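Okay, predicted coordinates and the sequence, questions at the end:
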Amino acid sequence: MKVTFPHMGNLYICVKGMLEYLDIEVVLPPPSSKRTLTLGAKHGPEFACMPLKLNLGNLIEASELGADTIMMAGGCGPCRFGYYAQVEYSILRDLGYDYNMVVLEPPEKSITELTSRVRQITGKKSWWKVIQAIRYGYLKSRAVDEVELMSFQIRPREIVKGETDRALAQALKEIDSASTVQELKLAEMRGKKIMQDVAVDPNRPVTKIALVGEIFTLLEPFANHNIERILGRMGVEVDRSIYLSEWINDHLFMGLLKGIRSTKEYCNNAAPFLNHFVGGHGLETVGSVPVYARQGFQGIIQIFPFTCMPEIVAESLLPRVSAANDIPVMTLIMDEHSGEAGLITRLEAFVDLLEHKHKNASAN
């Protein structure tokens with residue numbers, strides 16, 4: 001069995017680590033690229049959002065490398081992601097790709113539904129070993145998030161342009177190469193030291209912008225045209241409303257681990273603008289605006305794929321939320337036709353607006 005899964009940012013580091021901990025052979029698809037999206041858009045439904053098309057392209061490219069088993073998450077509505085695994089599987093079968101599909105989703109009636117699916121991947125490994133592997137994968141996600149967060153703070157202050165990107169790539173490589181918990185602890189320390197060694201100007205003024213929206217387009221650099229890097233080079237310190245380890249703790253561990261930021265704070269702050277679940281991360285998007293406004297952020301950018309219903313609901317409410325909290329909000333909608341040049345122009349205009357607003361506020 002050669003297991004693969006779609007890309008979503010640096011998710012591959014923790015999932016690959018978890019599976020290899022169980023001695024399962026992993027076939028990683030190449031990083032998402034123009035070819036990946038072209039393959040997905042060619043064979044996927046036109047109305048489908050970009051995550052499905054990129055996932056489909058990832059799986060086609062993984063098959064070319066010898067993968068024979070797909071592991072994917074599932075879910076229930078109203079977000080369409082819940083049935084994308086089945087759609088992708090049907091398309092791949094029609095195209096002649098001989099894949100086995102294992103969908104890990106919340107059980108409808110009994111926990112045995114989920115455990116039986118897990119067994120399709122883990123075989124006869126003991127449950128204790130499986131639990132240890134999950135813990136190991138989670139620790140990798142925490143390490144990845146830590147060095148990513150450092151890069152958001154360092155990049156707008158770096159003295160040598162591009163040094164943060166080089167350091168981040170090296171730090172992630174250290175974390176990825178660790179094969180035991182002890183090695184991972186040392187790798188995380190080395191990764192943080194690599195990031196700390198980047199020369200910065202601590203007195204350089206920066207603009208603070210929060211990135212909110214749908215999880216895939218927030219975490220996958222190809223889907224958002226590396227927006228974190230673009231903004232950082234414009235002198236912007238960014239933060240994301242979603243980090244992988246936080247999402248895992250909220251949705252898989254049910255908040256078991258304490259002292260970790262939770263999206264529940266966003267949900268609790270969505271009222272009176274939105275008082276119920278609308279699927280995906282729509283509720284969190286609305287509630288994140290007042291939270292970031294109180295934290296002193298100067299602007300917010302909502303990012304989501306074209307046709308994403310939960311984020312469309314949130315987008316319709318954001319003008320009111322923005323006005324009530326006196327913080328500008330810009331929306332970026334991504335699909336296979338989105339271009340980097342136009343994105344940079346819009347980001348430059350938004351950053352200029354925020355800087356002008358801040359100077360006027362300081363003068364008064």
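Sure thing, it's come through.

show me where the stretch 1-150 of the chain has strands.
Applying DSSP state E, counting those that start in this stretch to the stretch 1-150 of the chain gives strands spanning 2-4, 25-26, 69-73, 100-104.

name the helices or strands packed onto the first one?
Right, strand 2-4. In terms of contacts (3 or more Cβ pairs under 8 Å, 6 or more residues apart in numbering; DSSP states H and E), strand 2-4 is packed against strand 25-26, helix 50-64, strand 69-73. From N, CA and C alone the C-beta is placed, and that goes for glycine too.

Below-threshold pLDDT in the stretch 51-200 of the chain: ranges please.
76-77, 106-111, 113-114 (pLDDT under 70).

do that again at 90, thanks
Counting by pLDDT under 90, the stretch 51-200 of the chain contains low-confidence ranges at 73-84, 103-120, 124.

give the contact list for residue 296.
residue 208 (Cβ atoms under 8 Å, 6 or more residues apart in numbering).

secondary structure class for it?
Under DSSP: H, G, I helix; E, B strand; the rest coil, residue 296 falls in the coil class.

Pick the most deeply packed of the helices and strands packed on strand 2-4.
Of all the helices and strands packed on strand 2-4, helix 50-64 has the most neighbours on average by mean count of other Cβ atoms under 10 Å, namely a mean of 25.

Roughly how far does the nearest residue in space to residue 256 that is not next to it in sequence sit from residue 68?
Counting by Cβ to Cβ, 6 or more residues apart in numbering, residue 256 lies nearest to residue 249, which is 7.0 Å off, once chain neighbours are set aside. Separation of residue 249 from residue 68 (Cβ to Cβ, to the nearest Å) stands at 32 Å.

before we move on, what about residue 225?
Residue 225 is 33 Å from residue 68, where distance means Cβ to Cβ.

Pick out whichever of the two has more residues nearby.
residue 225 (20 against 16; other Cβ atoms under 10 Å).

for the closest residue to the more buried one other than its chain neighbours, phi and psi?
Nearest residue to residue 225, sequence neighbours excluded (Cβ to Cβ, 6+ apart): residue 340, at 4.7 Å. Main-chain dihedrals, residue 340, degrees, to the nearest 10: phi -70, psi -40.

so which strand or helix has residue 292?
When elements are assigned from DSSP states H and E, residue 292 belongs to helix 282-294.

what about that helix, distance to the chain center?
17 Å (Cα atoms, centre = their mean, to the nearest Å).

re earlier: among the helices and strands packed on strand 2-4, which comes closest to residue 189?
Relative to residue 189, the nearest member of the helices and strands packed on strand 2-4 by Cβ to Cβ is strand 25-26, separated by 25.3 Å.

Packing partners of that closest one?
strand 2-4, helix 11-21.

Looking at the strands of the stretch 1-150 of the chain, which is nearest to residue 212?
strand 69-73 (21.0 Å).

For residue 37, give its distance to residue 261.
Separation of residue 37 from residue 261 (Cβ to Cβ): 31 Å.

More neighbours: these two, which one.
residue 37 (21 against 13).

ok, that one touching residue 55?
No - Residue 37 is beyond contact range of residue 55, at 10.6 Å (criterion: Cβ atoms under 8 Å).

Residue 65 is in contact with residue 26, isn't it?
No - if you go by Cβ under 8 Å, residue 65 and residue 26 don't touch, sitting 10.6 Å apart.

Need the residue closest to the centroid of this protein.
Using Cα atoms, centre = their mean, the residue of the chain that lies closest to the mean C-alpha position is residue 219, 2.4 Å off.

Per-residue pLDDT of the nearest residue to that one once chain neighbours are set aside, please?
Among residues not flanking residue 219 along the chain, residue 9 sits closest, at 3.5 Å (Cβ to Cβ, 6+ apart). Note for residue 9: predicted pLDDT of 96.

Which of the strands of the stretch 1-150 of the chain sits closest to residue 286?
strand 69-73 (23.7 Å).

In terms of secondary structure, what does that closest one contact?
With contacts taken as 3+ Cβ pairs under 8 Å, 6+ apart, strand 69-73 sits against strand 2-4, helix 84-94, strand 100-104.

Let me know which of these is tucked in deepest.
Ranked by mean neighbour count, these are led by strand 2-4 with a mean of 21 (mean count of other Cβ under 10 Å).

Tell me the strands beside that strand, with direction?
Using DSSP bridges, the strands paired with strand 2-4 are strand 25-26 (parallel), strand 69-73 (parallel).

of all those strands, which lies closest to residue 169?
Comparing these by Cβ to Cβ, strand 25-26 comes nearest, at 20.3 Å.

Show me what the closest one is in contact with.
Identification of contacts with strand 25-26 by Cβ under 8 Å, 6+ apart yields 1-4, 16, 19-20.

Next up, the contacts around residue 157.
Contacts of residue 157 (Cβ under 8 Å, 6+ apart): 200-202, 204, 206.

From residue 128, how far out is residue 173?
Taking Cβ to Cβ, one finds residue 173 at 30 Å from residue 128.

more neighbours, these two?
Neighbour count, other Cβ under 10 Å: between residue 173 and residue 128, residue 173 has more, with 13 against 8.

and that one, what element?
Judged by DSSP H and E, residue 173 forms part of helix 163-177.
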